[in-house]
Each structure stands twice: as structure tokens, then as C-alpha cells.
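*Asks:* compute the structure for the input listed below.
(one chain, ligands or ions: 2)
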Amino acid sequence: MATERWDGLLLGATLATLADDTGYGLIEDGALGWRDGVIAYAGPRAGLPQDIEARTDLVIETDGLVTPGLIDCHTHVVFAGNRAAEFEQRLQGASYEEIARAGGGIVSTVRAVRAADEDTLLAQSLPRARALVADGATTLEIKSGYGLDFDNERKMLRVARRIGELLGITVRTTFLGAHALPPEFAGRSDDYIQAVCGWLPRLHDEGLVDAVDAFAERIAFSAAQTRRVFEVAHALGLPVKLHADQLSDGAGAALVAEFGGLSADHVEYTSEAGVAAMARAGTVAVLLPGAFHVLRETTLPPLAAFRRAGVPMAIATDCNPGTSPLLSLRQAMQLACTHFRLTPEDALRGATVHAAQALGLTDRGRLSVGQRADFACWKLAHPAELAYWLGGPLLTMSFAGGQRLA
Ligand code: NIG
Ligand code: FE
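*Replies:* Ligands and ions are numbered 1, 2, ... in the order given. The predicted model follows:
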């Protein structure tokens, strides 16, 4: 310790470390030190090793609150165009399912993505990723699923990787080829699934895939079709997750749990049996209150059952042009509290510790020694305020791997 040199040291703020499994882990007049992108100290200023300030390259005196960097574990930020017109149609009475069956919905975004070249897609998507980072995110999951052919799925995943490089954040990519049936496969959904299963190993060979997802739903793919995609993922050693039971109970949660999946996402219609299967498999429930809100859904996820069974609940934006044009994870935390009655503490844990678990990442989510130096500094006195304010510029700065982002 005596010869140690740190890259950075933040002094004076209140730390919400989330270091234990309950409570915010608050430390007043805290100190956070890091070296080589990893936290070297997170505790009271009074407990700092002697003379460490003099041996630190960057010392920042600050007040306010410091939390782990927020982790958005379910996004579709890479897309072209938008679907504001469908929002208007839904407000006039059309349902999401009706619009999808009439050739709108996901497939209309597919047309826009196919028409955009890679640089155009990046130029349209980057500001959305920047907005998420500007409100505290330091890790984003980004899905494909609006290309629905090999070249366009590849283009989306390449754009996702480029966003990570350009913003200096971690981007975890998820292949969502089984998101919707493209028009050229109309009436041939099994053939489409066979094509998806063929693209996956090739995209994986290019290093473009960190996980595999599908949309198991009556307007998308059956359990049997989802299983075929998961079997290919499994053979490649890739983790799976699922858009499960969003509009109806299709036993999606139990299916993804059967494959030891990282997460079942949406889960509004998940049954008790699905919850039990998730608990046994250690599958995280990813709550997406933005989609719940925008679709004016009224069926709540089985929140009490998740709590009873000890299923961890994560929160994400689901940022997408159809069901959740939501550009702030903090806002998703707010919606999770108001719609799902999560406590602000649950919401923060859901956007950090449990979100990391939903991505299979163990190196982040808490402020503790050995974790990545990913953290966010806020103009706030107490962490409950994160899920309390609706909007507003509250972030003062953030760091990912010890490098300043904002
Ligand atoms: O997570 N449910 C499927 N996928 C997205 C919606 C995508 C879209 O409508 O463009 C979701 O809600
Ligand atoms: Fe989604």
C-alpha cells in the first residue's frame, strides 16, 4: 500500500456503494480511489491510506452523490427512423398487435434500417446512446433485430460495437434475429428460423455477438422456434435471454430458464410456474416499465411472486422506436417505482447490481474494491432522489473504467 499510486481520487461526496445485498451502503464524506480502471478504495475519507492524495494523479473534491455507473441491460438503440405515427394510431384506438399484423410495427423499422447504410445508422443511433450516457449509463446492452437478414443484422451489430468504441463505454451486443418475420419469409416462419440459426455462428465468428435473444409471442415466434435458436446459441457457448410473456403467457420465462438464461424480459404475463423456474435457474427478471407505460398495459409483472421466490429484478429502458422511446434509465427507474411500486432502493439495485447480473457481468454494479471504476456523480443529496425527479440534468460527471465520460 505504501508505494501505491492511484490514477484518480474523488473526495467529499456521499457514496451509495450497494456493497451489501440490502441497503444503499451509504458512506458520507466518502472517498473513491481507482487505479488501472479498477476501484482501489471506496470508503470514508477518514479511512484513506496515508499520503495517498499526494500520490494520486487526479484529485477531485466534490459534494453530492456518487453511485455505481448505471447499466442499461435491455436496449434497441440502434435503429433508423421513428414510429411517432404509430403512437398516434394507438392513441386513436389501434393496438400494438393490430399494427404489427397490418405490416407496421417492428417490420416498418426494418424497412428503415435496411435503407440506411452503416454510417447513417450510426449517425441516427449515436445521439440516443449519448442521451443514455448523459443520464448516468456506463454500460449498454444493444440488440440487433431490425435487420432480419444477414447483412443488415451484421450492420446493426457493427454499429453497436462502434457506439461502444466512440463513447468509451462497454456495449454488450445481443443477436435478436428472431424478433419478427421479414416480409420475404411471409408464411414461412420455420424457414426463417432456419436462416437465423445459420447466421448466428457466422456473426459469432466475427466477434459481434455476446448473447442471443428472441421474441417469443403470438405475433412473433413459437416456443419451439425459440428453442431452435437457443440450441444453436447453447452449442456456441453463448448465453440466452428472452422477450418473454410480454403480451400473453407463452411460458417464455420457463423456456429461457430451462436454458439457464441470463434473463427473462418484460414478463408481465409470466405465471407462478415461470417464476419458480426462473428462481431455480438464477434467471433475472428484467422489468421494462417504459414499454408498460407507453403501451398503457394494465397487467403487472408478478412482482410479489418474484420477491417471494428471490428472483432478482433488473430495470432497463428497452429504448426502441415502437414501445419505449425512452432515453433515460433514471426515468425507467422512476416508472418502475410509480407503476410497479418498487422502492427507489430496489430501482437503483435494478439498474446496477441486478442489471450486471442480467448481462452476466460480475465486474461492475457496486462501488467496492476490485470492481471496475464505473461510477456516476449526481447533484443530489440522497439516492432516493434518483428515482424521484422526472427529468432534469442531474448528472455532474461520470467515469467508465476510470476514464471520464461526461
Ligand atoms: O421490447 N417486444 C418486442 N420488441 C420490442 C419492441 C420493438 C418494436 O416495437 O420496435 C420491445 O418492446
Ligand atoms: Fe425489447
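
*Asks:* which residues does Gln331 contact?
*Replies:* If you count contacts by C-beta atoms under 8 Å, 6 or more residues apart in numbering, Gln331 has them with 135, 290, 317, 390-391. Any C-beta I mention is one placed from the backbone N, CA and C, and that applies to glycine too.

*Asks:* what's the helix or strand for it?
*Replies:* Gln331 belongs to helix 329-340 when assigned by DSSP states H and E.

*Asks:* can you check Asp265 too?
*Replies:* strand 263-266.

*Asks:* buried residues in that strand?
*Replies:* 263-266 (16 or more other C-beta atoms under 10 Å).

*Asks:* just send these back as TSV, with distance to ligand 1 and pLDDT too.
*Replies:* TSV is the format used below for these (distance: C-beta to the nearest ligand atom, whole Å; pLDDT from 0 to 100):
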residue	distance to ligand 1	pLDDT
Ser263	12	98
Ala264	12	98
Asp265	7	98
His266	7	98
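
*Asks:* still on that earlier bit, any of the contacts of Gln331 buried? List them.
*Replies:* Buried among the contacts of Gln331 (16+ other C-beta under 10 Å): 135, 290, 317.

*Asks:* Leu361 contacts Thr139, doesn't it?
*Replies:* Yes: Leu361 lies in contact with Thr139 (C-beta atoms under 8 Å); the separation is 7.3 Å.

*Asks:* hmm, back to that, centre of the chain to the strand holding Asp265, how far?
*Replies:* On the basis of C-alpha atoms, centre = their mean, to the nearest Å, strand 263-266 is displaced by 11 Å from the centre of the chain it belongs to.

*Asks:* same thing with stretch 260-267?
*Replies:* 12 Å.

*Asks:* which residue packs closest to Leu203, ignoring adjacent ones?
*Replies:* Val209 (5.1 Å; C-beta to C-beta, 6 or more residues apart in numbering).

*Asks:* which of the three states applies to that neighbour?
*Replies:* Judged by DSSP: H, G, I helix; E, B strand; the rest coil, the three-state class of Val209 is coil.

*Asks:* OK, contacts around Tyr388?
*Replies:* Contacts of Tyr388 by C-beta under 8 Å, 6+ apart are 334, 344.

*Asks:* top strand in this protein by residue count?
*Replies:* strand 170-178 (DSSP state E).

*Asks:* for ligand 1, what's the nearest residue on this protein?
*Replies:* In the chain, the residue that lies nearest ligand 1 is Gly322 (2.3 Å; C-beta to the nearest ligand atom).

*Asks:* ok so, going back, chain center to the helix holding Gln331, what's the gap?
*Replies:* 14 Å.

*Asks:* quick one: buried residues of that helix?
*Replies:* For helix 329-340, by 16+ other C-beta under 10 Å, it's 329-337, 339-340.

*Asks:* go on, stretch 86-98?
*Replies:* 86, 89-90, 96.

*Asks:* name the residues of this structure found near ligand 1, please.
*Replies:* Within reach of ligand 1 by C-beta under 6 Å from any ligand atom, the chain has these residues: 76, 105-106, 109, 215, 243, 246, 291, 318, 320-324.

*Asks:* wait, doesn't Val353 sit right on Asp20?
*Replies:* No: contact status for Val353 versus Asp20: not in contact, 10.2 Å apart, counting by C-beta under 8 Å.

*Asks:* quick one: which of those two has more around it?
*Replies:* Neighbours per residue, other C-beta atoms under 10 Å: of Val353 and Asp20, the larger number sits with Val353, 20 against 10.

*Asks:* dump the residue contacts of the residue lying closest to Ala309 once chain neighbours are set aside.
*Replies:* Using C-beta to C-beta, 6+ apart and skipping residues adjacent in sequence, the residue nearest Ala309 is Ala279, 3.9 Å away. Contact analysis of Ala279 by C-beta under 8 Å, 6+ apart lists 309-311.

*Asks:* can you tell me which residues contact Leu288?
*Replies:* Per C-beta under 8 Å, 6+ apart, neighbours of Leu288: 74, 265-266, 315-318, 324, 332.

*Asks:* between the residues you listed, which sits nearest Ala305?
*Replies:* His266 (15.1 Å; C-beta to C-beta).

*Asks:* partners of that closest one in the sheet?
*Replies:* Ala244 (DSSP bridges).

*Asks:* for Leu247, see how far away it is.
*Replies:* 8 Å (C-beta to C-beta, to the nearest Å).

*Asks:* just Gly103 next, same as before
*Replies:* Counting by C-beta to C-beta - Gly103 and Leu247 are separated by 18 Å.

*Asks:* and which of the buried ones among the contacts of Gln331 is nearest Lys379?
*Replies:* Asp135 (12.4 Å).
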